[in-house]
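K.L.:
take a look and give me a structure for this.
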Amino acid sequence: LGAVSDDGDPNGVWFTYRIEAKLTLSSVDYWMDYPGFGYNKDAYVANGNMFSFPSNSFAGAQFVVMPSAAMLTGSPVTVTSMFDPNAGSVQTAEVIDPTEPNVFCIQRRGTTLARIYALSNLTTTPTLTSTDVAVPTNSAPSTDATSTNGNVLDTIDGRVFNAVWRGGRLLAAHNIQGATHIGTWWYEFDTGTWPTSGAVTLVQSGQIQDSSLDRFDGAINKNATGKISVLFTSSSSTVTADMTVASRLSSDPAGTLGTPSVLESSVGNNYTSIRWGDYFGVDVDPVDDVTFWGVAMLVGASNDWITSIYSWTVPGTTNQAPSFFQWIRGVQLSGNLASLAADDGDYLTARAGLVLFAGEAPAQLVTETVAPSITLFGIDVSFVAKANTPGLTQRIDIWNWTKGQYDLLGTQAATTTNSSQNVSATGPMSQYVDPATKKVRIRTSWKQTGLVLLWPWTVSVDQVSWSITSA
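P.N.:
Here you go, the predicted model:
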């Protein structure tokens, strides 16, 4: 049973569907257990483990393809069922890229392999293709996780708990048995042009392990700026169950995550039901494409299980070079955009120009960069320049997209040899980034405030760089 909203309003109209999941093989009926769900631009895909009536013997995995165009309008849908007797506990990926024709799936295949599946031709005659990829040796959990009051939390096995595909990369995570505690193993695969040609390769993988805590039931996703977050449970004899996250920047060493942080802790401390959150999930906000949203399980005040939904961002600092420049006052003499990229003696130079009103700066340079996202936590600017005469003041302003005006960042005396002016934006950072283009803009101006020795004087800019902390 499933439902599809007709628009972005969850309180609006929904189209409901009842799809047959029963499978008959050699006159024996099989039912679907442990369903997974994924999608791409063309179809929804459900899959699950097939067990017989009534003996519950395992037969393999079924994949059910439902083209989405009809379902989005509430029309009848033609469903295709495919079966793989060699598959089990396969996880179907969310494929959010708007042009990708395949839906990818993944299964942990023993201690040294991952099996990758591709479902293709989803709106015509769907096909199922698979390939095995070598991964570092790992073992499925052999024990449950420790919790408070002598209780344990079910680690189930080494199956993959969620998967996501974007930008040519498939990400997934599963539980492992560590030397002393349960851990989480995560992967990033490059699917390349497979299944049309080529092969799937392992880009990186890593472990989430702790010497005093079990870390398990990992769910993973990747945002538009390349940051990866893994959501999981942490527990021990003194920690009932914490909703925990660990993240990485795209610039971090391969296979590494940052220090885990607790998003939310359980209130109760005596959970006796054992079965634990094997449907954890992480998604990326579709509006800003950088904020992570996670769904996890915690213990409530009555020692029953509760579902927690939490959002977080992953700040990371990048150094940004200018993407645009323009002299709005002054006459350019030499240099180009590349001259601003490094402090190397390659100058962008202009001489003082005409002004339109008294007190206006006769040399004004506008430079822009494009931030990694619109969710910013800090903007720092370093401006390296010199003038050919003393007596000038150098001023840096930042464009406020909300107010439609420049805000002052700082002033200092211009020097006749290279010097760096370092300034930082304050207040809400959202006002300094264009929500449509992610542009950040500054204006640097020079005007006479003392005795100058030359006229028209010149200014030379060696480097403009932004240090932007963003989600």
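K.L.:
looks to me like T240 is in a strand.
P.N.:
No. The assignment for T240, made by DSSP: H, G, I helix; E, B strand; the rest coil, is coil rather than a strand.
K.L.:
wait, it sits on V262?
P.N.:
No. If you go by CB atoms under 8 Å, T240 and V262 don't touch, sitting 11.9 Å apart. Yep, even glycine has a C-beta here, placed from its N, CA and C like the rest.
K.L.:
these two: which is more packed in?
P.N.:
T240 (24 against 11; other CB atoms under 10 Å).
K.L.:
for that one, give me its contacts.
P.N.:
S147, T148, S265, S266, G268, N269, Y271, V299 (CB atoms under 8 Å, 6 or more residues apart in numbering).
K.L.:
next: G450.
P.N.:
Taking CB under 8 Å, 6+ apart, we find G450 in contact with P390, G391, L392.
K.L.:
cool, and T416?
P.N.:
Contacts of T416 by CB under 8 Å, 6+ apart are K386, A387, N388, T389, P390.
K.L.:
can you tell me the SS state at the fourth one?
P.N.:
To tie it back to what came earlier, the one meant is T389. Quick answer, by three-state DSSP: T389 is coil.
K.L.:
may I ask you to confirm that it is in contact with P456?
P.N.:
No. When contacts are counted by CB under 8 Å, T389 is not listed as touching P456 (9.9 Å).
K.L.:
which one's more surrounded, the two?
P.N.:
T389 (19 against 16).
K.L.:
quick one, helices of this structure?
P.N.:
68-71 (DSSP state H).
K.L.:
closest to the centroid, which residue in it?
P.N.:
Compute the mean C-alpha point of the chain, and by CA atoms, centre = their mean the closest residue is N223, 1.7 Å away.
K.L.:
for D6, give me the pLDDT.
P.N.:
Note for D6: predicted pLDDT of 92.
K.L.:
can you add pLDDT and distance to A21 and give the contacts of T416 back as CSV?
P.N.:
Shown next, in CSV, are the contacts of T416 (pLDDT from 0 to 100; distance: CB to CB, whole Å):
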residue, pLDDT, distance to A21
K386, 98, 73
A387, 98, 75
N388, 97, 78
T389, 97, 81
P390, 97, 81
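K.L.:
who wins for neighbours among those residues?
P.N.:
The most crowded member of these, judged by other CB under 10 Å, is A387 (24 neighbours).
K.L.:
where's it relative to G335, distance?
P.N.:
Distance, A387 to G335, using CB to CB, to the nearest Å: 15 Å.
K.L.:
mind listing what's buried in stretch 156-163?
P.N.:
Buried positions in stretch 156-163, judged by neighbour count with 16 or more other CB atoms under 10 Å: I156, G158, R159, V160, F161, N162, A163.
K.L.:
gap between F63 and T124?
P.N.:
16 Å.
K.L.:
tell me which of the two has more neighbours.
P.N.:
Ranked by neighbour count (other CB under 10 Å), F63 and T124 place F63 first, with 24 against 10.
K.L.:
pLDDT score assigned to that one?
P.N.:
98.
K.L.:
V133 versus that one, what's the distance?
P.N.:
19 Å.
K.L.:
one more: Q207?
P.N.:
Distance from Q207 to V133, by CB to CB: 18 Å.
K.L.:
which one's more surrounded, those two?
P.N.:
The neighbour comparison of Q207 against V133 (other CB under 10 Å) goes to V133, with 20 against 16.
K.L.:
now do the same contact list for the more buried one.
P.N.:
Applying CB under 8 Å, 6+ apart, the residues contacting V133 are L113, A114, R115, I116, F189, V200, T201, L202.
K.L.:
name every strand pairing with the helix or strand bottoming out on mean pLDDT in the chain and say which way it goes.
P.N.:
Every helix and strand of the chain was ranked by mean pLDDT, DSSP states H and E. The lowest is strand 2-5, at a mean of 92. Paired neighbours of strand 2-5 in the sheet (DSSP bridges): strand 14-17 (antiparallel).
K.L.:
pull the strand it pairs with out as CSV, backbone CA atoms only.
P.N.:
Extracted C-alpha coordinates of strand 14-17, given in CSV (Å, rounded to 0.1, in the frame of the first residue of the first chain):
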residue,chain,number,x,y,z
TRP,A,14,-3.2,12.0,-2.1
PHE,A,15,-3.5,9.2,-4.6
THR,A,16,-3.5,5.8,-2.9
TYR,A,17,-2.3,2.6,-4.5
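K.L.:
follow-up on the earlier one: let's have the contacts of V133 in a markdown table, adding pLDDT and neighbour count.
P.N.:
Formatted as a markdown table, the contacts of V133 follow (pLDDT from 0 to 100; neighbours: other CB atoms under 10 Å):
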| residue | pLDDT | neighbour count |
| --- | --- | --- |
| L113 | 98 | 13 |
| A114 | 98 | 23 |
| R115 | 98 | 21 |
| I116 | 98 | 25 |
| F189 | 98 | 25 |
| V200 | 98 | 21 |
| T201 | 98 | 12 |
| L202 | 98 | 14 |
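K.L.:
now, which of those residues sits nearest A69?
P.N.:
Top of the list for closeness to A69, among the contacts of V133 and by CB to CB, is I116 at 26.3 Å.
K.L.:
now do the contacts for the closest one.
P.N.:
F104, C105, I106, S130, T131, D132, V133, L170, F189, T191, W194, V200.
K.L.:
mind doing that once more with 6 Å?
P.N.:
I106, T131, V200 (CB atoms under 6 Å, 6 or more residues apart in numbering).
K.L.:
so the first one makes contact with A172?
P.N.:
Yes. Under the criterion of CB atoms under 6 Å, I106 lies in contact with A172, with a separation of 4.8 Å.
K.L.:
strands of the stretch 301-450 of the chain, start to end?
P.N.:
Taking DSSP state E, counting those that start in this stretch to define them, one finds strands in the stretch 301-450 of the chain at 305-312, 316-320, 324-329, 331-334, 348-351, 363-370, 376-387, 392-400, 405-413, 419-424, 439-448.
K.L.:
can you list these in a markdown table and add distance to G218?
P.N.:
As requested, the strands of the stretch 301-450 of the chain are exported to a markdown table (distance: least, CB to CB, whole Å):
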| stretch | distance to G218 |
| --- | --- |
| strand 305-312 | 15 |
| strand 316-320 | 21 |
| strand 324-329 | 41 |
| strand 331-334 | 54 |
| strand 348-351 | 49 |
| strand 363-370 | 33 |
| strand 376-387 | 26 |
| strand 392-400 | 40 |
| strand 405-413 | 42 |
| strand 419-424 | 37 |
| strand 439-448 | 35 |
